[in-house]
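Colleague: sequence first, then the predicted structure:
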Amino acid sequence: MGFPVEFNWALKLKTKQGLVDKDIEVGVEYNFKKDEHRIYPLNMPIDLINGNWETIAKVIVTEFSIINQNTIGKYKILRIYSEEEQKFLTNYWRETIQFIKGGKIDDYSTFSVT
């Protein structure tokens, strides 16, 4: 017996989940909350991605807990990507999720891996 757990190698958030994509600051820690059971690498750099699969910054997840079918935690901004880096990394992540889906995605804002 067990329960489903999702391993995440990026932190993809919408505003209601704790995404701060305007006026974010390097070195500042923010809270997040996601549905279901998720596992994140702690204190390892990963990408912060918004709800439209656009890459924003490099972050570390400093802590997370699974409580009542939700994953709550904190992330810290290590570096905000330049516009050129954002475009490159956004293309990388979007291509990756197209491989997962097995085809073209017309609307990234509604796409979920799980």
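Modeller: Done, it's in.
Colleague: report the residue spans of this structure with pLDDT below the cut-off.
Modeller: Applying pLDDT under 70 to the chain flags residues 1.
Colleague: hey, where'd the strands end up in it?
Modeller: Using DSSP state E, the strands found in the chain span residues 6-7, 10-12, 29-35, 38-39, 46-49, 55-67, 70-80.
Colleague: what about dumping the CA coordinates of the fifth one to PDB?
Modeller: Taking Å, rounded to 0.1, in the frame of the first residue of the first chain, the C-alpha atoms of strand 46-49 are listed here in PDB:
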ATOM      1  CA  ILE A  46      16.000  24.700  -9.400                       C
ATOM      2  CA  ASP A  47      14.000  26.800 -11.800                       C
ATOM      3  CA  LEU A  48      11.000  28.900 -10.700                       C
ATOM      4  CA  ILE A  49       8.300  28.700 -13.400                       C
END
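Colleague: list of residues touching it?
Modeller: With contact meaning Cβ atoms under 8 Å, 6 or more residues apart in numbering, strand 46-49 is reached by 8-13, 19, 40, 55-61, 75, 77, 89, 93. Just so you know, the C-beta spots here come from the backbone N, C-alpha and C atoms, and that holds for glycine as well.
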